[in-house]
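> Based on what follows, work out the 3D shape:
(2 chains)
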Amino acid sequence: MPKEKEDAAPKKAAGRPAKKAPQLLRGFRDILPVDQPYWRWVRNTAESFAAGYGFEEIGLAILEETSLFSRSIGNQTDIVSKEMFTFIDKSDGSLTLRPEATASVARAYITHGMLNLPQPVKLYYWGPMFRRERPQAGRQRQFHQLGFEALGDDNPVIDAQLILLAYNFFKALGLDGISIQINSIGTPQARHEYVKELVGYFRSKRKLLPVEEKERLSKNPLRLLDSKDPVCQQLRADAPQLMDWLDDASKTHFMKVIEYLDELDIPYTLNPYLVRGLDYYTRTVFEIWPGEQEEGAQSALGGGGRYDGLIELLGGRPTPAAGFSCGVERIILQLKARGIALPHQDTAEVFLAQIGDAAKIKAVTLFEQLRTAGIRTGESFSKDGLKTQLEAAHKHGVQYVLIIGQKEVLDGTILIRDMESGVQEIIDFKKTVAEIKKKLANGSNSGQVNGL
RNA sequence: GUGGCUAUAGUUCAACGGUAGAACACUGGGUUGUGGUCCCAGAUACGAGGGUUCGAUUCCCUCUAGCCACCCCA
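Residues are numbered from 1 along each chain as shown, chains lettered A, B, ... in the order given. This is a model prediction of the structure:
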């Protein structure tokens, strides 16, 4: 018989039994009310961009068959080989908490026969993703991404427009001076040829490479290009260039994208060493960074590219597609780091205070009238003292407080107190809603900006 | 996954081998129906488990979590 440990544990302080409070899992976080304004800001901005650019929101499954990710992202990638939350379900086999959403978008495109819709199908998503990594600031095991995908069209204008959308999105959020890095990694075939060449080159320099880099050479040679290792960075200068190995169609495609970007006046940096860590990418790839690499490590805010082979790989008809996604937590980290003030939030406009039982009853019904009239009203009905209630009103930052007490109930009136001037006036209780509306309309300096 | 640093109230920080303090925040008061300032009072913490010790929050170990670097990525 197992002993019940918790009950047997010694009592800590008299009175309360010593119990372990459940902890948050490593890398998981609650998003508290204080942070919600940031979340709303990002989400609202994203939604208005989705609407503006014609992307319709799609809500995707969070749990998928493991094979969806291993096939699309690639078995050899770090994400699949060591960072997925995977488990065996009783009847459904191996399941995985999605580490990213593009694969699911492609799956949904197939599942719902979206090839029958007008192309391109433009989708926007938002939601939690899961990767079993070692947490750090801006890196959690559950994090949120928002993304835009355009499926069913291989025109380079799509690539350019996605980058334009990303650029404008970050600007609208208040994040100026972001850096957009772009590159083309061509078709899988061309890349394959190139990798052979690259491996050949680095093999010849093998002796110079540190152990970790040697491992890359056999496991994921493309990664040698964006390595932080100084030796590698030196060697890569003389290494064969990916650009020279691109097939003609990819080259032309890339030139077109660049042309559009120039025409649209979007600042970008050509980064020939940019390769992405997910296998499904083809041709255009890009990443978004907070700024031209200032000192200190930074992490990408977002990234994306074209994935022309993905849908076919997953069993659909050959369908070109492109998209990008960004990390919400990382965006918010940047917003905070830069001290960006958010637009005014929907706080209470008036506060309703009451004194005495009769008044409380009246107040509760009046509150309903105010609320249904669209006036954001604060209250603390559970408190009795007027002083306490005014204090609460002050904390809400409201300009007007409605006060109703014994006397007012008898007279059929109510007090309106202006919190700034301290001026109070008595009005007919029945006209409360109308009066308040009038006052708010007059006094409204269209209430903007609070720094939080 | 590897290496390093850290872990004290809600938060930011103190102190100490003999069971912990401040600031801000919170709750309640400063007489009966009036906020922002002020005054008073109160609640709340040594991440978990072992070990050394007469005694550990303090020293050691393990675990857990956070941060930093690597890896990789959003």
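> Enumerate the residues of the stretch 201-350 of chain A near RNA strand B.
Counting by C-beta under 7 Å from any atom of the strand, the residues of the stretch 201-350 of chain A lying close to RNA strand B are A:212, A:216, A:220, A:223, A:227-229, A:276-278, A:287-288, A:296-297, A:299-303, A:325-327, A:329-330. For the C-beta atoms, the positions are set from N, CA and C on the backbone; glycine is no exception.
> so of the residues you listed, which ones are in helices?
A:212, A:216, A:329-330 (DSSP state H).
> Setting aside sequence neighbours, what's the nearest residue to residue A:145?
residue A:325 (4.7 Å; C-beta to C-beta, 6 or more residues apart in numbering).
> measure residue A:219 to residue A:334 for me?
For residue A:219, the distance to residue A:334 (C-beta to C-beta, to the nearest Å) stands at 32 Å.
> between the two, which one's more packed in?
residue A:334 (22 against 12; other C-beta atoms under 10 Å).
> In contact with the more buried one, which residues are there?
The contact partners of residue A:334, taken as C-beta atoms under 8 Å, 6 or more residues apart in numbering, are A:175, A:290, A:301.
> let's see it at 6 Å
A:175, A:290 (C-beta atoms under 6 Å, 6 or more residues apart in numbering).
> In the helix or strand hosting it, which residues are buried?
Per DSSP states H and E: residue A:334 is located in helix A:328-337. For helix A:328-337, the neighbour count (16 or more other C-beta atoms under 10 Å) marks A:328-335 as buried.
> circling back to that earlier point, now, among the ones in helices among the residues of the stretch 201-350 of chain A next to RNA strand B, which is nearest to RNA strand B?
Nearest to RNA strand B, judged by C-beta to the nearest atom of the strand, of those is residue A:330 at 4.4 Å.
> For the closest one, list the residues it contacts.
Counting by C-beta under 6 Å, 6+ apart, residue A:330 touches A:138, A:301.
> What separation do you get for it and residue A:173?
On the measure of C-beta to C-beta, residue A:330 and residue A:173 end up 12 Å apart.
> same check, this time on residue A:30
For residue A:30, the distance to residue A:173 (C-beta to C-beta) stands at 23 Å.
> For burial, what's the neighbour tally of residue A:422?
Residue A:422 has 7 neighbours, counted by other C-beta under 10 Å.
> Over to it. Which of the three states is it?
Secondary structure, DSSP: H, G, I helix; E, B strand; the rest coil: residue A:422 is coil.
> For residue A:57, give me the pLDDT.
Residue A:57 is assigned a pLDDT of 98 by the prediction.
> Return the backbone torsion pair for it.
Main-chain dihedrals, residue A:57, degrees, to the nearest 10: phi -70, psi 140.
> so it sits right up against residue A:123, yeah?
No: counting by C-beta atoms under 6 Å, residue A:57 sits too far from residue A:123 to count as a contact (7.5 Å).
> Which of these two has more residues huddled nearby?
Between residue A:57 and residue A:123, residue A:123 has the larger neighbour count (other C-beta under 10 Å), namely 23 against 13.
> Now that one: which helix or strand?
Residue A:123 belongs to strand A:121-130, assigned by DSSP H and E.
> Strand partners (parallel or antiparallel) of that strand?
strand A:56-57 (parallel), strand A:142-151 (antiparallel) (DSSP bridges).
> and it, which residues are buried?
Buried residues in strand A:121-130, counted by 16+ other C-beta under 10 Å: A:121-127, A:129-130.
> Including pLDDT and distance to RNA strand B, could these go into CSV?
Shown next, in CSV, are the buried residues of strand A:121-130 (pLDDT from 0 to 100; distance: C-beta to the nearest atom of the strand, whole Å):
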residue, pLDDT, distance to RNA strand B
A:121, 98, 21
A:122, 98, 19
A:123, 98, 17
A:124, 98, 16
A:125, 98, 13
A:126, 98, 13
A:127, 97, 12
A:129, 97, 7
A:130, 97, 9
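> what residues does stretch A:196-213 touch?
A:217, A:221, A:224, A:229, A:231-232, A:235, A:239-240.
> now swap in stretch A:64-80 and tell me
In contact with stretch A:64-80 (C-beta under 6 Å, 6+ apart) are residues A:86, A:94, A:96, A:98-99, A:103, A:107, A:277-280, A:310.
> Buried among those residues? Make that a ChimeraX selection.
Selection of buried members from the contacts of stretch A:64-80 for ChimeraX, criterion 16+ other C-beta under 10 Å:
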select /A:96,98,99,103,107,278,279,280,310
